[in-house]
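> With the input below, show me the fold.
(chains A and B)
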Amino acid sequence: MNHPDAINWLQNLNALTGGLFLLTTFGLVAMRQVNACLRLFIAHSVFLSVSAFLLSGIYHTWHLVVIGVVDMVTKAIVIPWLLRRALRDEVYTRREITQALNIPTSLLAALGLTVVAYILSTPLLAVGDGLTLGLNLPIGLAGLLIGGLTAAVRREAVPLLLGLLAMENSAFFAGIGVAPEMPVIAEVSIAFDVVILVFIVGVLTQAVQEHIGTTEVGELTMLKEETKP
Amino acid sequence: MSIILILIPLLSFAAVLLSLLPLGKRFAPAITLMAGIGAFLLALLAVSQVVTAHRVITIPGWVELDGLSGVLLLLVAFLNATAALFSWGYLGAHVHQLHRIRSYCAHFNLFTFSLLLVPVLAQPALVWIAIEFTSLFSVLLVAFDNTHAALEAAWKYVALMFMGATVALLGFFILFWAQQKAGGGHYSWEGLRAVAGQMPSSLIKSAFILILIGLGAKVGFVPLHTWLPDAHSQAPSPVCALLSGIKTTNSLYCILRLVPLLISGHLQLWMQIVGLISAGVAAFLLLQVRDYKRLFAYSTVEHMGIIFVAAGFGISGNYSALLQMIGHSLTKSFCFYAAGLALLVLGTREIAAVRGLIRTSPFAAAMLLVGALAIGGAPPFAIFLSELSILRAGLEGKDYVTILLLAIFVTVAFFGILLQVNRMVFGEPSIPRDDHKKLPFTCALTLIIAGIPVLALGFYQPASLHTLLDLAAAQLTPVISP
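Sure thing, here's the model as predicted:
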């Protein structure tokens, strides 16, 4: 893989993957149906793994291959399986119509955040080297911000959780670009950490559904200083 | 001998597995208590080695203990032991089903396992994971009561914690990148110090800002504090003591570790501003709470702000920041044990519903009053001394405006806390005295034990503690001056 043409080819493929990654992040903000959100998240994770594989070719490091495989297994297989087991099917066929912001506004906000991410990462890229780096950092940062937006505007438990997971995916997307040599043990345990998160949120959502009778966690607004029911 | 550092968290982890065994009602709490005491004794041993040898290394670059993490380890281990003792009485009085007792103990030990991991790990990415574990493993403890309020608090808690964690994660990636640019070396706290001057300034600054935002959410800095009073008031009282007393401090420790790596003239000013905002907003929010556990939770936000301001006073402030950190952890856990005792007696968290607690339960009332005085910073308790030394550090650095504002906020918070506790303790009793309702003995014992250092550190600092704090303050001193 030392041939410059091959490297160039890999970089172009990585650029394509990055574009698709950003597109699926936008999709997570806009998609109303819970089931479709879950499928988009799987695609999101697959693009992250693909980028890790491509970068491993560019940087010549086996670390990223391990990370790509671990990511694929945990986020595209284990997490969706856990989520489907934890909650009843009824939760997934639901369509969410009670977002805090309507969809065009959210998409516009997401677009704004992408521009902000680009502006913020420009001074950092001045110390960087090469095209891959110039791509992964702003896209990852944009995904981080958009994921945060998704978690903020969603009220249904599963899409909210997927917004949080998209944030983590995006932090990783930027991370594999800037720190490909990060010790593997750290990165693998981070993936493990996410599985625990999904497990715990699954248990918690079950409890919320049982005791309060809803999975619209955005409606939980009892704890306040001013008013007491 | 350095294997100790691995043994300390492993003890808690073994307790997780043992407390899952379906043996009698007292088995799991007993295991938890034994693990807590064992971990505290081992931590004492490890820290005494740090005092003589300055650094204990088990796996170079991965598992190490120096002065700063030694202070933290000691606090975690002490609070772990006292919270385990309080849990014994709390579970006996409050929880009756066997499976719930087992689940509580398993989660409690997982939580303390992750808390103990933070100081002994020296690799920043692993510390990130340990801090994230402290959040994840406490979520179900916050939701333990399964009430509407507890579940709501847990949801807010887990969502904000994870958001913060992802932002901090990107920060740690960029930190690693910065170190690689400066020539690499071990990605550990010590390895980062070694290349402090050579890291590209834009990278290290953005890493710090991301980590400050991300972990700042876990510390409870305003405006990222909204989850804190909810989670810290809804959890069972011994868990509140750990959450407020040490979990926030754990995240703050991680932020403070990065401060000496930065070379910026305005850094100290910004730290003072961030700290002042937290201390100020929390001091005024204290005045309008209706729930006495929320009262102490807001006081945690205030104290985190004070510690950050003190660390912003530069070299002379580091020692006082550490003193304040110790004072806060010990006193805040004491306050939550006292609040937990009051809750066991009263069955309500509403301040307005309680009058004349001193007649209903003299012991709980006295402890609540002592806790309020101690956390507010009255003499002769530990926080009085540490706040005095912060004042002196600020005057030495000629930060008069900061000191003036801080003094105002501390005074407001003092009167806020005392006003509310005063209302509860004195007056005509709203609940008649019930001689049949006895306070659990271990809960009362916990308050006595937790109270000893709160009072003792107000009078006297052992020489070994002084040495340890000097070592820790040296870790916070910048390698290269701006």
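
> which other residues reach the lowest-mean-pLDDT helix or strand in chain A?
Ranked by mean pLDDT, DSSP states H and E, the weakest helix or strand in chain A is helix A:89-93, scoring a mean of 75. Residues from elsewhere that reach helix A:89-93 (C-beta atoms under 8 Å, 6 or more residues apart in numbering or on different chains): A:33-35, A:38, A:84, A:156-158, A:215. Placement of C-beta: from N, CA and C, glycine included.

> same thing with stretch B:46-64?
Under C-beta under 8 Å, 6+ apart, the answer for stretch B:46-64 is B:1-6, B:8, B:65-67, B:70, B:73-74, B:120-123, B:126, B:186-191, B:464, B:467-468, B:471.

> which of those count as buried?
B:2, B:4-5, B:8, B:65-67, B:70, B:73-74, B:120-123, B:126, B:186-191, B:468, B:471 (16 or more other C-beta atoms under 10 Å in any protein chain shown).

> Among the residues you listed, which lie within helices?
Mapping these onto helices (DSSP state H) picks out B:4-5, B:8, B:67, B:70, B:73-74, B:120, B:126, B:189-191, B:468, B:471.

> mind showing which ranges of the chain have poor pLDDT?
All of this is about chain A. For chain A, the stretches flagged by pLDDT under 70 are A:1-2, A:97, A:128-133, A:224-229.

> Not quite, go with chain B.
B:1, B:434-437, B:480-482.

> ok, now with 50
B:482 (pLDDT under 50).

> quick one: which helix or strand includes residue 44?
By default, I'm working from chain A. Per DSSP states H and E, A:His44 falls inside helix A:34-59.

> my bad, chain B
Going by DSSP H and E, B:Leu44 is in helix B:27-53.

> following that helix, which helix or strand shows up next?
Counting by DSSP H and E, what follows helix B:27-53 is strand B:56-59.

> spatially speaking, which residue is in the middle of chain A?
Centroid-nearest residue in chain A, with C-alpha atoms, centre = their mean: A:Ala166, separated by 1.5 Å.

> Can you verify my assumption that that one contacts A:Gly143?
Yes: if you go by C-beta atoms under 8 Å, A:Ala166 and A:Gly143 touch, sitting 6.4 Å apart.

> Regarding chain B, what is its longest helix?
Max-length helix for chain B by DSSP H is helix B:148-181.

> can you tell me if it touches chain A.
Yes: looking at helix B:148-181 against chain A by C-beta under 8 Å from any C-beta of the partner chain, the contacts come from B:148-149, B:151-156, B:158-159, B:162-163, B:165-167, B:169-170, B:173-174, B:176-177, B:180-181.

> Drop anything exposed from the residues you listed.
B:149, B:151-156, B:158-159, B:162-163, B:165-167, B:169-170, B:173-174, B:176-177, B:180-181.

> I'd like to know how many residues surround the residue in the stretch 1-150 of chain B that chain A sits nearest to.
Chain A sits closest to B:Ala125 of the stretch 1-150 of chain B, with a gap of 3.6 Å, by C-beta to the nearest C-beta. Residue crowding around B:Ala125 was assessed by other C-beta atoms under 10 Å in any protein chain shown; the count is 24.

> Okay, and the residue lying closest to B:Ala279 once chain neighbours are set aside sits in which element?
Excluding the flanking residues, the one nearest B:Ala279 by C-beta to C-beta, 6 or more residues apart in numbering or on different chains is B:Gly305, at 3.3 Å. Taking DSSP H and E as the criterion, B:Gly305 maps to helix B:292-311.

> other SSEs contacting that helix?
helix B:227-234, helix B:237-242, helix B:248-258, helix B:267-285, helix B:315-346, helix B:362-376, helix B:382-396, helix B:400-425 (3 or more C-beta pairs under 8 Å, 6 or more residues apart in numbering or on different chains; DSSP states H and E).

> Could you dump those into JSON lines with distance to B:Val47 and mean neighbour count added?
Listed next are those as JSON lines, based on distance: least, C-beta to C-beta, whole Å; neighbours: other C-beta atoms under 10 Å in any protein chain shown:
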{"stretch": "helix B:227-234", "distance to B:Val47": "27", "mean neighbour count": "28"}
{"stretch": "helix B:237-242", "distance to B:Val47": "19", "mean neighbour count": "28"}
{"stretch": "helix B:248-258", "distance to B:Val47": "15", "mean neighbour count": "24"}
{"stretch": "helix B:267-285", "distance to B:Val47": "27", "mean neighbour count": "21"}
{"stretch": "helix B:315-346", "distance to B:Val47": "12", "mean neighbour count": "26"}
{"stretch": "helix B:362-376", "distance to B:Val47": "24", "mean neighbour count": "22"}
{"stretch": "helix B:382-396", "distance to B:Val47": "18", "mean neighbour count": "21"}
{"stretch": "helix B:400-425", "distance to B:Val47": "30", "mean neighbour count": "19"}
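
> looking at those helices, which is closest to B:Gly458?
Nearest to B:Gly458 among those is helix B:382-396; the distance by C-beta to C-beta comes to 5.0 Å.

> What is the closest one packed up against?
helix B:292-311, helix B:315-346, helix B:362-376, helix B:400-425, helix B:441-456.

> what angle separates it from helix B:441-456?
If you take axes from the mean of the first three to the mean of the last three C-alpha atoms, to 10 degrees, helix B:382-396 sits at 30 degrees to helix B:441-456.

> And the contacts of helix B:382-396?
B:306, B:309-310, B:313, B:316-317, B:319-321, B:323-324, B:326-328, B:330-331, B:374-378, B:400, B:402-403, B:406-407, B:410, B:453-455, B:457-458.

> Kindly export that helix (C-alpha atoms) in PDB.
Only the C-alpha atoms of helix B:382-396 are listed here, as PDB (Å, rounded to 0.1, in the frame of the first residue of the first chain):
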ATOM      1  CA  ALA B 382     -12.100  22.100  58.400                       C
ATOM      2  CA  ILE B 383     -13.700  24.400  55.700                       C
ATOM      3  CA  PHE B 384     -13.200  27.400  57.900                       C
ATOM      4  CA  LEU B 385      -9.400  26.900  57.800                       C
ATOM      5  CA  SER B 386      -9.300  26.100  54.100                       C
ATOM      6  CA  GLU B 387     -11.400  29.100  53.100                       C
ATOM      7  CA  LEU B 388      -9.200  31.300  55.300                       C
ATOM      8  CA  SER B 389      -6.200  30.000  53.400                       C
ATOM      9  CA  ILE B 390      -7.900  30.700  50.000                       C
ATOM     10  CA  LEU B 391      -8.500  34.200  51.200                       C
ATOM     11  CA  ARG B 392      -4.800  34.600  52.000                       C
ATOM     12  CA  ALA B 393      -3.700  33.100  48.700                       C
ATOM     13  CA  GLY B 394      -6.000  35.600  46.900                       C
ATOM     14  CA  LEU B 395      -4.600  38.500  48.800                       C
ATOM     15  CA  GLU B 396      -1.100  37.400  48.100                       C
END
